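Visitor: here are the coordinates; sequence isn't available:
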């Protein structure tokens with residue numbers, strides 16, 4: 001499938017011929033495992049901030065942000081300047097785990113941002129280039145440090161696609177890791193939601209850990225996401241996180257916080273654990289810490305640093321360009337208060353999206369934290385069954401069983417968004433949650449445009465659904 005002369009002539013003009021030709025060759029050459037390319041048939045050729053321009057000349061507002069990687073959006077000037085500085089300096093670009101000025105600057109800035117009381121007794125392990133590599137390292141670390149094998153994880157979790165990380169995720173094909181209930185309001189596993197649901201989830205965890213007949217031996221560690229991303233944008237209640245910290249600390253179980261997607265200001269705090277004030281034993285970091293380039297690290301208490309040399313490695317753990325871009329990103333987020341900005345703007349966007357929830361029965365729930373936002377789409381015709389409960393019996397409100405998830409409608413909304421120049425991701429248990437992960441640099445005007453386009457998309461998809469029955 002060679003490039004035709006007409007396609008080659010139009011390569012720099014941004015035409016449908018280039019667009020269609022590249023997509024056709026991608027479909028013919030790339031793996032069937034490709035994902036985003038199926039739902040988002042675009043060919044990005046230029047990008048800046050929130051905006052992507054495709055090979056067909058169309059422009060899009062990008063609320064995928066490299067699955068949360070682009071904290072500052074595409075090609076931010078401070079990131080480009082940092083990369084150019086390294087390139088122009090003649091510094092080596094890949095150095096394995098050797099010390100360099102670029103790495104020293106990165107670790108110094110990273111440690112400056114860590115939760116209070118953590119950095120002064122922490123160690124950092126540079127891993128392979130992806131978050132899943134860092135998860136693997138964290139699991140190996142706690143097993144080596146404790147001499148135990150088991151891992152506790154939570155329903156709905158997503159920690160990566162390598163074998164160990166996948167085993168700890170909600171979609172694992174077989175049971176290698178113990179599963180615990182993750183608290184949520186809309187689809188509470190106990191049918192209660194709110195503080196009562198979180199309390200029941202915590203009690204279940206405590207019982208599993210302390211019951212000698214629970215079938216779960218004392219684990220090497222517990223891994224959790226402070227906000228579940230792929231699980232449907234579900235923020236963990238702060239009190240529940242503090243409870244998990246106490247439960248694990250009292251039983252000498254290392255607590256691993258997976259901040260791959262939640263870190264670097266995304267949730268309205270620099271790290272999502274900052275909301276609850278907890279200090280985990282291990283933090284898994286990737287995505288935004290590389291400033292749009294591949295970088296992944298594990299930061300952990302020095303007491304856990306029992307590895308012999310070479311116990312964990314990765315050829316590209318010395319990616320100098322990513323460290324330089326990451327340093328620039330960390331500094332820019334910190335010095336410009338972008339975490340606080342994400343908290344303020346995110347709260348405003350959630351309030352406006354809840355008006356959409358009031359207007360459309362197909363919008364079952366709106367939730368999130370900071371600029372990590374989810375809109376769950378449901379099928380109102382599926383019925384909503386009231387729970388049989390006396391709300392005065394224990395002081396907790398009654399709840400209802402939510403409508404069934406509607407993944408087909410979510411796909412339709414995503415498609416309508418793309419038609420309107422808006423890129424969004426889908427996630428959640430049934431892939432029925434429209435996810436917004438805009439860069440932290442998004443303006444008020446851009447946020448309004450995103451919400452307007454999303455509202456139009458929901459309106460159109462819902463109208464088509466009603467028309468076709």
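Guide: Yep, it's here. Just so you know, these numbers come straight off a predicted model, no measurement behind them.
Visitor: what's the helix ranked longest in the chain packed up against?
Guide: Taking DSSP state H as the criterion, the chain has its longest helix at helix 444-468. Contacts defined by 3 or more CB pairs under 8 Å, 6 or more residues apart in numbering; DSSP states H and E place helix 444-468 against strand 59-62, helix 338-359, strand 372-377, helix 407-419, strand 422-423, strand 433-436. In short, each C-beta sits where N, CA and C put it, glycine included.
Visitor: tell me the buried residues in that helix?
Guide: For helix 444-468, burial by neighbour count (16 or more other CB atoms under 10 Å) applies to 446-447, 449-451, 453-455, 457-458, 460-462, 465.
Visitor: now render the helices and strands packed on helix 444-468 as TSV, adding mean pLDDT.
Guide: Listed next are those as TSV, based on pLDDT from 0 to 100:
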stretch	mean pLDDT
strand 59-62	97
helix 338-359	97
strand 372-377	98
helix 407-419	97
strand 422-423	98
strand 433-436	98
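Visitor: between these, which one is closest to residue 442.
Guide: With CB to CB as the measure, helix 338-359 is the member of the helices and strands packed on helix 444-468 nearest residue 442 (7.0 Å).
Visitor: buried set for that closest one?
Guide: 338, 339, 341, 342, 343, 345, 346, 349, 350, 353, 356, 357.
Visitor: what does stretch 199-206 give?
Guide: In stretch 199-206, counting by 16+ other CB under 10 Å, buried: 199, 200, 201, 202, 205, 206.
Visitor: how near is residue 49 to residue 442?
Guide: To residue 442, residue 49 is 8 Å away according to CB to CB, to the nearest Å.
Visitor: my error: substitute residue 147 in the last question.
Guide: 47 Å.
Visitor: of those two, who's got more company?
Guide: Neighbour totals were compared for residue 147 and residue 442, and residue 442 leads with 25 against 8 (other CB atoms under 10 Å).
Visitor: so where's the stretch 251-400 of the chain uncertain?
Guide: 383-400 (pLDDT under 70).
Visitor: for it, which segments count as strands?
Guide: 255-258, 282-285, 297-301, 363-369, 372-377 (DSSP state E, counting those that start in this stretch).
Visitor: for these, give me CSV that also has mean neighbour count and distance to residue 55.
Guide: What follows is the strands of the stretch 251-400 of the chain, written out as CSV (neighbours: other CB atoms under 10 Å; distance: least, CB to CB, whole Å):
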stretch, mean neighbour count, distance to residue 55
strand 255-258, 29, 35
strand 282-285, 28, 34
strand 297-301, 24, 35
strand 363-369, 23, 32
strand 372-377, 28, 29
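Visitor: just send those back as TSV, with distance to residue 270 too.
Guide: As requested, these are exported to TSV (distance: least, CB to CB, whole Å):
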stretch	distance to residue 270
strand 255-258	13
strand 282-285	11
strand 297-301	13
strand 363-369	13
strand 372-377	14
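Visitor: relative to residue 34, which of the ones you listed is closest?
Guide: Nearest of the strands of the stretch 251-400 of the chain (CB to CB): strand 372-377, 23.5 Å.
Visitor: what packs against the closest one?
Guide: Going by 3+ CB pairs under 8 Å, 6+ apart, strand 372-377 lies up against helix 338-359, strand 363-369, helix 407-419, strand 433-436, helix 444-468.
Visitor: in stretch 99-109, what counts as buried?
Guide: Per 16+ other CB under 10 Å, stretch 99-109 contains these buried residues: 102, 103, 105, 106, 107, 109.
Visitor: as CSV, the residues you listed with pLDDT, distance to residue 74 and secondary structure would be great.
Guide: Shown next, in CSV, are the buried residues of stretch 99-109 (pLDDT from 0 to 100; distance: CB to CB, whole Å; DSSP: H, G, I helix; E, B strand; the rest coil):
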residue, pLDDT, distance to residue 74, secondary structure
102, 97, 22, helix
103, 97, 25, helix
105, 98, 23, helix
106, 98, 21, helix
107, 97, 26, helix
109, 98, 22, helix
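Visitor: now, which of these sits nearest residue 121?
Guide: Nearest to residue 121 among the buried residues of stretch 99-109, counting by CB to CB, is residue 107 at 14.6 Å.
Visitor: and the pLDDT at the closest residue to the closest one other than its chain neighbours?
Guide: Leaving aside its sequence neighbours, residue 107 sits nearest to residue 124 (CB to CB, 6 or more residues apart in numbering; 5.9 Å). Residue 124 is assigned 97 on the pLDDT scale.
Visitor: and the residue nearest to the spatial centre of the chain, what does it touch?
Guide: Most central in the chain under CA atoms, centre = their mean is residue 261, positioned 3.2 Å from the mean C-alpha point. Counting by CB atoms under 8 Å, 6 or more residues apart in numbering, residue 261 touches 67, 68, 131, 225, 227, 229, 287, 372, 437.
Visitor: now those residues in JSON lines, with distance to residue 178?
Guide: Conversion of the contacts of residue 261 to JSON lines gives the following (distance: CB to CB, whole Å):
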{"residue": "67", "distance to residue 178": "27"}
{"residue": "68", "distance to residue 178": "27"}
{"residue": "131", "distance to residue 178": "22"}
{"residue": "225", "distance to residue 178": "16"}
{"residue": "227", "distance to residue 178": "22"}
{"residue": "229", "distance to residue 178": "21"}
{"residue": "287", "distance to residue 178": "27"}
{"residue": "372", "distance to residue 178": "27"}
{"residue": "437", "distance to residue 178": "30"}
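Visitor: which one of those residues sits closest to residue 322?
Guide: Nearest to residue 322 among these: residue 287, at 11.1 Å, using CB to CB.
Visitor: that closest one touches residue 129, doesn't it?
Guide: No - assessed by CB atoms under 8 Å, residue 287 is found out of contact with residue 129, at 11.0 Å.
Visitor: okay, those two: which has more neighbours?
Guide: Applying other CB under 10 Å to residue 287 and residue 129 shows that residue 287 carries more neighbours, namely 27 against 20.
Visitor: before we move on, the earlier item: just the ones in strands from the buried residues of stretch 199-206, please.
Guide: Among the buried residues of stretch 199-206, no residue falls in strands (DSSP state E).
Visitor: which of those lies closest to residue 153?
Guide: Among those, residue 205 lies closest to residue 153 (CB to CB), at 11.3 Å.
Visitor: that closest one contacts residue 182, correct?
Guide: No - applying CB under 8 Å as the test, residue 205 and residue 182 come out as separate, 10.1 Å apart.
Visitor: all set now, cheers.
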